[in-house]
Structure formats: structure tokens, C-alpha cells
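Peer 1: Just to be clear, the model below is a prediction. Sequence and coordinates:
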Amino acid sequence: MSETDLTPAPSPLLLPDGRAAAEAWSLDPEHRHLNHGSFGAVPVVAQDEQNRLRREMERSPLVWFPALPRRVATARADIAAFLRVAMEDLALVPNASGGASVVYANLPVRPGGEIIVTDHGYGAVTMGAQRLARRWGGTVRTVRVPLDADEKQAYEAMAAELSDATELIVVDHITSATARRMPVERIGAEARRRGIPLLVDGAHVPGLIDDPLSGLDCDFWIGNLHKFGCAPRGTSALVARGPLRDDLYPLIDSWGAADPFPERFDTQGTVDVTSYLAAPASLEFIERTWGWKTARAYMRDLADYAERIVGDAFAELTGTSSAVDVGMPVNALRLVRLPAGLATSHAAADALRDRVSQELGVAAAFTSFDGVGYIRLSTHVYNTAADFEYFAERCVPVLGEWARTADAAP
């Protein structure tokens, strides 16, 4: 029996009327969509709800905006229930980077303070930490965590860099470029013991982890609902606990500024927050149609299959294994090593993404870590085994040719 036989293709998920799950989305059928993790995909039912809300807003703005804080609070309660956190701990923000910016803008000044990040951190969030350090007259220390580090090793790498000068820790819950978890629970316990504020970037987490903050002691946690939660884009949660949460204010001062946290975030003037209001429609659609437990299991099984067949295709092409030892893997995200010469930098990975989309009709994520290029496979309920079989059969040989051409270039 081959290794591929050990990982059978899961049966596709169907809608209640027997149609393919993808029929509930408006994704371009001329493209293969293998990169849900970057920008998400919004089911038609939630698109329709957001469009309905926008029409309501435009019919009578004078009625809409005064009533908006109450409606945002209702959506916030639904999202808090989905994440299993207290409503009074959760504010809504446009995206995870925006949530990080809120934290950075409101932390007390720590002259000369040190901020700890990792080499797996999301670029925009790390750049925000660097800007904060400049305002403090401090420094950012980047902790190297090997891609294959297990929970204990990753924790020890982080803990070893903490010192009396550390005034903030920023760490991913699930990393973007490397598709792995970080031991945020153990890091949180150590941060609390030392009295160091902890910001956890959980951008990819909502929808992938059932109870994401269970056992996690942190001051701030941010998560995008518009990734695996499939909410309309621009919907993210900022969960704040501990002594610093009442000092958090939105980046836009509005008439809710005098309200307590998180209510002050519910009032943002004339900002279009229909994405917040329509987000529960996405969450409820997946729960009603398949159930989130079933959805997560399907994403995991399909990711296992995708990793195997794409990795086998590259290995057959290059004669070397493309398997990647990820220390704390994620259920719906997988890394497969690319042939040498491809995606060796962030810019090269983005260029490869664009070329694959334009020339091969496949939306895929390519990443780079320590100078090595990877394809980051990403699954959701609308994906099927055929999507990844197509990539393995049609795209892998082309990528191999592109790699050979790159090697041959002077």
C-alpha cells in the first residue's frame, strides 16, 4: 500500500439539497481556490445579508446611525458566544492588524522597554511593534523558533528571551507564513507570572479552534472572523482581559468615547460596519448546514490528503522529499516544500502567487521562511479533493519547470 493510500480523499460536503458545498459561495468557477486562509470567502447568504443591511442604511441614514450601537452590540454578543468568551471582554475591529494597532496605541509608555516577537510573526503586526518600540525609545527582540519545534521547545525558546526589560510579548496563536501553532497557553502563564503584558495574534483562529481562549491567560487576543469564520471582510474580534483592558480606545474618537470598554467600540461615526452585523449570518450558516465540528473535521481530513498528494507530486518531480516537519501543525493549513529556487523571499513568494493565479488559474498561497519556499495549502468546506488533485497533476509540473528555468538563469 502506498503512502497516498493511507490518506484517502474525504467525501465532499454537500448542501442539504444535494448540491456541492461550493454552490453556496460565489467564487469564480474558472479558478481553483486553494487559499481560503489569506482572505477568506463569504457565503452568498452572508453577502445577501450585508447587501440588505447596506440598502437599509442608505434608505434612511438618520434612522440607521443612531440605532447602530445597539445593533453592533447584538452582533458582538453573537460573536462572543461563537468564540466562547464574555461579551463584555470583546470589541469589534476591522481586522487583526487593526486590533494590534489599538493595543499598541493605548499601552502605557515604557521608556526603553523591550518588545518580544518571533520570526514567525505576521509582518504588519511586527512592524507595528517596531513602531511602538521607536516611540518608547526601546527595542524589538526577535526570537527564533525552529519550524519543527514542538510545544516544549517553542516555549523554551520564548521564555529564554524574557528579561526584566521585557514590557510586551507579541506571539501568534497560529502563524501565517508557517502554518503552525505556538504554545500560547504556556507563554501566557509565564507572562502572567512575570507581570508582562501578552498580545496574542489569533488572526487565523476563529473557526479552526472550537474554544480558542480556553486555558489561555493573555491581556489581548485578536482574531479575524473573515478568514475561516467566512464572515464578510473587515470583521475581527479584540478580546481584552486584565488590568489594561479598560484603557483601550478605538483608533477613531467618536461619540462613544465616554462609554466603557467595549461599548465605546460600538460607535464609530459613519463607518460602514455592515460586515459586523452580517457576520453572525456566516457563522450560523455553517453551523446550520454542517455543524462547525463536522466542518473542522472535514477541513483537517482534506488538508491531510492535500498535503500528501501535493507533496508526493513534488517528490516525484524532484527526487527529494517535500514533506515539512511542522512542530505544532494546524488542522486546515499545511506546508509543502517547493523546488529549490522558488519563493525564496517574501517578495518572490508574492510574485509566484500572482503568476500562478494569472497563468494557471489557481489561487494559492506561497510563503518563505529562512530562505526556503513553501506552498501553504488551505482548505474549507467548499474545497474538494479534486481541487488539490488538479494542482498536483497540472500545476506541480509547471512549477518544476519554472524552478529549473530559475536555476538556469545567469
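Peer 2: On my side now, so go ahead. Residues are numbered from 1 along each chain as shown.
Peer 1: top helix in the chain by residue count?
Peer 2: Ranked by residue count under DSSP state H, the longest helix found in the chain is helix 292-318.
Peer 1: What helices and strands are in contact with that helix?
Peer 2: Secondary-structure packing of helix 292-318 (3 or more CB pairs under 8 Å, 6 or more residues apart in numbering; DSSP states H and E): strand 333-337, strand 372-378, helix 385-390, helix 396-408. Every C-beta, even on glycine, is put in place using the N, C-alpha and C of the backbone.
Peer 1: As CSV, the ones you listed with mean neighbour count would be great.
Peer 2: Converted to CSV, these look like this (neighbours: other CB atoms under 10 Å):
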stretch, mean neighbour count
strand 333-337, 25
strand 372-378, 24
helix 385-390, 18
helix 396-408, 16
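Peer 1: Same list, these, but as TSV with distance to residue 116 and mean pLDDT please.
Peer 2: Shown next, in TSV, are the helices and strands packed on helix 292-318 (distance: least, CB to CB, whole Å; pLDDT from 0 to 100):
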stretch	distance to residue 116	mean pLDDT
strand 333-337	24	98
strand 372-378	24	98
helix 385-390	37	98
helix 396-408	36	87
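Peer 1: To residue 230, which of the ones you listed lies closest?
Peer 2: strand 372-378 (12.8 Å; CB to CB).
Peer 1: For residue 152, find the nearest of the helices and strands packed on helix 292-318.
Peer 2: For residue 152, the closest of those is strand 333-337, at 21.0 Å, according to CB to CB.
Peer 1: Run a quick neighbour tally on the residue nearest to residue 22 when sequence neighbours are not counted.
Peer 2: Nearest-residue entry for residue 22: residue 382, 4.1 Å, with adjacent residues in sequence omitted and distances by CB to CB, 6 or more residues apart in numbering. A count of nearby residues for residue 382, using other CB atoms under 10 Å, gives 20.
Peer 1: For residue 20, see how far away residue 382 is.
Peer 2: Applying CB to CB, to the nearest Å, the value for residue 382 to residue 20 is 8 Å.
Peer 1: One more: residue 377?
Peer 2: In terms of CB to CB, residue 377 sits 20 Å off from residue 20.
Peer 1: Could you tell me the model confidence score at the closest residue to residue 120 other than its chain neighbours?
Peer 2: Setting aside the residues directly before and after it, residue 120 is nearest to residue 175 in space (CB to CB, 6+ apart), at 4.1 Å. We have a pLDDT of 98 for residue 175.
Peer 1: what's residue 175 in contact with, if anything?
Peer 2: Residues near residue 175 by CB atoms under 8 Å, 6 or more residues apart in numbering: 120-122, 181-182.
Peer 1: who wins for neighbours among those residues?
Peer 2: In terms of neighbour count, residue 182 stands highest of the contacts of residue 175 at 26 neighbours, by other CB under 10 Å.
Peer 1: isn't it right up against residue 154?
Peer 2: Yes - counting by CB atoms under 8 Å, residue 182 touches residue 154, with 6.0 Å between them.
Peer 1: Could you tell me which residues touch both of the two?
Peer 2: 145, 328.
Peer 1: now the helices for the stretch 201-350 of the chain?
Peer 2: 274-289, 292-318, 346-355 (DSSP state H, counting those that start in this stretch).
Peer 1: Mind checking those for the one nearest to residue 140?
Peer 2: helix 346-355 (17.8 Å).
Peer 1: Name the next helix or strand downstream of that closest one, please.
Peer 2: Using DSSP states H and E, the helix or strand that directly follows helix 346-355 along the chain is strand 362-363.
Peer 1: which residue sits closest to residue 93, ignoring its sequence neighbours?
Peer 2: Closest to residue 93 by CB to CB, 6+ apart is residue 99, at 4.5 Å.
Peer 1: which stretch of helix or strand covers the one you found?
Peer 2: Going by DSSP H and E, residue 99 is part of helix 96-106.
Peer 1: And the average pLDDT for that helix is what?
Peer 2: For helix 96-106, the per-residue pLDDT averages 97.
Peer 1: which residues are in contact with it?
Peer 2: Applying CB under 8 Å, 6+ apart, the contact partners of helix 96-106 are 91, 93, 122, 124-125, 128-129, 131-132, 170, 199, 201-203, 220, 222-224, 236-238, 244, 247-251.
Peer 1: cool, and stretch 11-25?
Peer 2: Residues contacting stretch 11-25 (CB under 8 Å, 6+ apart): 41-45, 285, 289-290, 294-295, 298, 381-385.
Peer 1: Out of these, grab the one that's most surrounded.
Peer 2: Neighbour-wise, the contacts of stretch 11-25 (other CB under 10 Å) top out at residue 381, 28 neighbours.
Peer 1: Okay, buried residues for stretch 139-151 please.
Peer 2: Going by neighbour count (16 or more other CB atoms under 10 Å), the buried part of stretch 139-151 is 140-143, 145, 147, 149.
Peer 1: What pLDDT is listed against the residue nearest the centre of the chain?
Peer 2: Nearest to the mean C-alpha position of the chain, by CA atoms, centre = their mean, lies residue 204 at 2.2 Å. The score at residue 204 is 98. That number is its pLDDT.
Peer 1: Apart from its chain neighbours, what residue comes closest to it?
Peer 2: That would be residue 174: by CB to CB, 6+ apart, it lies 4.3 Å from residue 204.
Peer 1: Tell me who's in contact with the one you found.
Peer 2: Residue 174 makes contacts with 180-182, 202-205, 208, 330, 333, as judged by CB under 8 Å, 6+ apart.
Peer 1: same thing but at 10 Å, please
Peer 2: 37, 120, 180-182, 184, 201-205, 208-209, 212, 223, 227-228, 328, 330-333 (CB atoms under 10 Å, 6 or more residues apart in numbering).
Peer 1: Sitting in strands, which of these do you find?
Peer 2: Among the contacts of residue 174, the ones falling in strands (DSSP state E) are 201, 223, 333.
Peer 1: Mind putting those residues into a markdown table with distance to residue 76?
Peer 2: Formatted as a markdown table, the ones in strands among the contacts of residue 174 follow (distance: CB to CB, whole Å):
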| residue | distance to residue 76 |
| --- | --- |
| 201 | 20 |
| 223 | 13 |
| 333 | 27 |
